[in-house]
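> Below is the structure, and that's it, no one-letter string:
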């Protein structure tokens, strides 16, 4: 069925029925001029938004509509996690091309519902409009963090440990596999299927972000949406420090290493420049490192030491590889490349 | 200059420089993973979002890029006003077609800055992405209202007065004039120029919404984004009441009446089915009417009595016109019409 056969309100009813029930925090959800919720006392509100355009950020060849829904909210949840906050309310707007089938839009909402359940996000509203051509999704997410405790990019100090909350490069490796061999051909190895999951169902690190906020020693935090090179440079720039990363310390999943070796490609390239892994990268007071690493493991999380803040000033990132020290430039995904 | 010559960060810098400085409420604005603000204690948070697509919601022929910016935020401010809340923080996302010039995008941000200054909204973030074809704008806005005091559509009671906060039909009349005679031909009457302003620079009724919230007797409130017929029906449906409107009591600006008469058209049609006037329509305890009308006038606001809640049940709207009572159907702008 085409969208215009259903009408706007019929469509909204169909989509809302896919979503999980909202929490008690949400006083008014979908259905009035605006949503209403009760903020937690003595907390700051955090706001993030992401826009995804068909054939720019996702394509039918590499992602199902459910994946697109999952990923649209994952990007914003990751931004909230990177502030040390927990996600609360989401608004989802869609510009719907005439050719889209109702079941395809429903599939997007199934993916949104999946991730909303996992991260306990209330989807409280949005807008549905028509468009001539490409599907556009816009997701806005609120989060909460104890007042004055949000984690910025700008507080890194010389001597800090630089960490990653988990392996990177998996999303880019997955995309490589999916664009090389379309999913419909079904000729992927077990490793590749794992990589596809990295690309299609990334897991934002909310628990890690919360712990880093609570520990009181995390001086800077960012999420890896545009690759380690770009994100580390953002911290170095915002904090005006020189960060030194050790190439072989950067965690890369074994499936990524094996796939890269089999394809004659460089896994480190994906880790540094790939993006969309939604792990957290940040700078932690070195005195806290042993306790933090232990606490993370005991909670089923991980924390990988990948370098240090070498000096004040510089606003640069150096990569140490086989004894060589080279400048790591913030080359990543250029959203306005031609 | 084309957008891709400037790069993403150069573009963001250029756009942010157009915006007014943020208030003290905003702790972190543009530039980190997410914005952070401190909510007012004992207030609820209100959230609304609107998406605008080029050649669906606006066109070069009828609006300047500044107007598009103004109107994109006006729609959300009006939703916040319709909850009795005041607007606070906005996020603005844009999907930018390759052909768009940088100065055109800057003009959109000038219009956003204009309305942000008037309504004291902090623009705290957003997303800028590229798209193949049509410009898409997505605006999300927060608002605040004293805890438990937001005004919904669902509380109308038999005996309530039904009111409008100002004249309607002006936006549709303006659009009619602009589509009949393009602005570039410069052959418009003084009346038509006034109508164009109604269409291009609508004024959301935040002060009226706040007063209605504070007075304690406003049982239902909605903003006129899809025409009086559609909005009155939404209240009748949500409150499960029968609303009776008096056709000749519906306020219509003299410029609209004169333009309709000169064009051989019906001004009431625009008022009932036009939309985008961003006035407020609602139901007020009849005992409060005299005091409310007086208080509105003393504050330079207006309140027009247009009907009453005739009975419980029915979930319908009747229009009384020259002694005849007929069902007023919620025909309005169908966002998914073909």
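In hand now; what should we look at? These numbers come from a predicted model, not from an experiment.

> excluding its backbone neighbours, what's nearest residue A:16?
Using CB to CB, 6 or more residues apart in numbering or on different chains and skipping residues adjacent in sequence, the residue nearest residue A:16 is residue A:30, 5.2 Å away. Yep, even glycine has a C-beta here, placed from its N, CA and C like the rest.

> who touches the one you found in this structure?
With contact taken as CB atoms under 8 Å, 6 or more residues apart in numbering or on different chains, residue A:30 is in contact with A:12, A:16, A:123, A:124, A:125, A:126.

> Show me what from the stretch 101-250 of chain A comes close to chain B.
A:124-134, A:136, A:138, A:140, A:142-143, A:145, A:147-148, A:150, A:152-154, A:221-223, A:238 (CB under 8 Å from any CB of the partner chain).

> Just the ones in helices from those, please.
Using DSSP state H, residue A:238 are the members of these that sit in helices.

> What is the neighbour count of the residue of the stretch 151-300 of chain A found nearest chain B?
Of the stretch 151-300 of chain A, the residue with the smallest distance to chain B, taken as CB to the nearest CB, is residue A:152 at 5.3 Å. Around residue A:152 there are 23 other residues, counting by other CB atoms under 10 Å in any protein chain shown.

> got the residue ranges for the helices in chain A?
For chain A, helices defined by DSSP H occupy the ranges A:3-6, A:8-16, A:65-81, A:102-118, A:170-180, A:190-200, A:206-215, A:228-239, A:254-263, A:267-273, A:289-298.

> any idea how far the closest residue in space to residue A:200 that isn't next to it in sequence lies from residue B:158?
In this structure, residue A:200 finds its nearest non-sequential neighbour in residue A:67, 4.1 Å apart by CB to CB, 6+ apart. Per CB to CB, to the nearest Å, residue A:67 is found 50 Å from residue B:158.

> Looking at those two now, which is surrounded by more residues?
Of the pair residue A:67 and residue B:158, residue A:67 is the one with more neighbours under other CB under 10 Å, namely 22 against 15.

> The more buried one contacts residue A:108, correct?
No: using CB atoms under 8 Å, residue A:67 is not in contact with residue A:108; the gap is 9.2 Å.

> Roughly how far does the residue of chain A most remote from its centre sit from chain B?
Residue farthest from the centre of chain A, counting by CA atoms, centre = their mean, is residue A:5 at 35.2 Å. Here residue A:5 is placed at a distance of 9 Å from chain B (CB to the nearest CB, to the nearest Å).

> Residue A:83 too?
Counting by CB to the nearest CB, the gap between residue A:83 and chain B amounts to 5 Å.

> wait, what's in contact with the nearest residue to residue A:141 once chain neighbours are set aside?
Nearest residue to residue A:141, sequence neighbours excluded (CB to CB, 6+ apart): residue A:76, at 3.9 Å. Residue A:76 makes contacts with A:48, A:49, A:50, A:87, A:90, A:139, A:140, A:141, as judged by CB under 8 Å, 6+ apart.

> again, only this time at 7 Å
Listed by CB atoms under 7 Å, 6 or more residues apart in numbering or on different chains, the contact set of residue A:76 reads A:48, A:49, A:50, A:139, A:141.

> what does residue A:63 give?
Per CB under 7 Å, 6+ apart, neighbours of residue A:63: residue A:200.

> what do you get if the cut-off is 10 Å, keeping everything else the same?
Residues touching residue A:63, when contacts are defined by CB atoms under 10 Å, 6 or more residues apart in numbering or on different chains, comprise A:57, A:69, A:70, A:71, A:111, A:175, A:178, A:183, A:196, A:199, A:200, A:201.

> Ramachandran coordinates for it?
phi -140, psi 140 (degrees, to the nearest 10).

> So the residue of the stretch 151-300 of chain A closest to chain B sits against residue A:145, correct?
No: shown here, residue A:152 and residue A:145 do not form a contact pair, counting by CB atoms under 10 Å, at 11.2 Å.

> shared neighbours of the two, anything?
Residues touching both residue A:152 and residue A:145 (CB under 10 Å, 6+ apart) are A:83, A:84, B:34, B:36.

> how close does the first one get to residue A:214?
Put plainly, it is residue A:83. Remark: distance between residue A:83 and residue A:214 (CB to CB) = 13 Å.

> So those two - more neighbours on which side?
A count of neighbours by other CB under 10 Å puts residue A:83 above the other of residue A:83 and residue A:214, at 30 against 13.

> Give me the pLDDT for the more buried one.
At residue A:83, the model reports a pLDDT of 97.

> pretty sure it contacts residue A:218?
No: checked against CB under 10 Å, the pair residue A:83 and residue A:218 is beyond contact range at 11.0 Å.

> okay, and the common contacts of those two?
Overlap between the contact sets of residue A:83 and residue A:218, as judged by CB under 10 Å, 6+ apart, is given by A:151, A:209.

> got the domain boundaries for chain A?
Taking automatic domain parsing as the criterion, chain A consists of the domains A:3-146, A:161-327.

> residues of the lowest-mean-pLDDT helix or strand in chain A that come out buried?
In chain A, no helix or strand scores lower on mean pLDDT, DSSP states H and E than helix A:3-6, which sits at a mean of 76. Within helix A:3-6, the residues that qualify as buried by neighbour count (16 or more other CB atoms under 10 Å in any protein chain shown) are A:3, A:4, A:6.

> quick one: which of the residues you listed is nearest residue B:206?
Set against residue B:206, the nearest of those by CB to CB is residue A:3 (33.3 Å).

> Now do the contacts for that closest one.
For residue A:3, the contacting residues are A:10-11, A:14, A:94, A:96-102, A:104-105, A:128, A:130, B:335-336, B:338, by CB under 10 Å, 6+ apart.

> ok, it to residue A:135 distance?
11 Å.

> repeat for residue A:177
When distances are taken as CB to CB, residue A:177 and residue A:135 turn out to be 24 Å apart.

> and if you look at residue A:280?
Spatial separation of residue A:280 from residue A:135 under the definition CB to CB is 29 Å.

> Could you check which of these two is surrounded by more residues?
Ranked by neighbour count (other CB under 10 Å), residue A:280 and residue A:135 place residue A:280 first, with 28 against 22.

> pretty sure that one contacts residue A:224?
Yes: when contacts are counted by CB under 10 Å, residue A:280 is listed as touching residue A:224 (7.3 Å).

> Between those two, which contacts overlap?
Between them, residue A:280 and residue A:224 share the neighbouring residues A:78, A:82, A:164, A:165, A:166, A:205, A:231, with contact defined by CB under 10 Å, 6+ apart.
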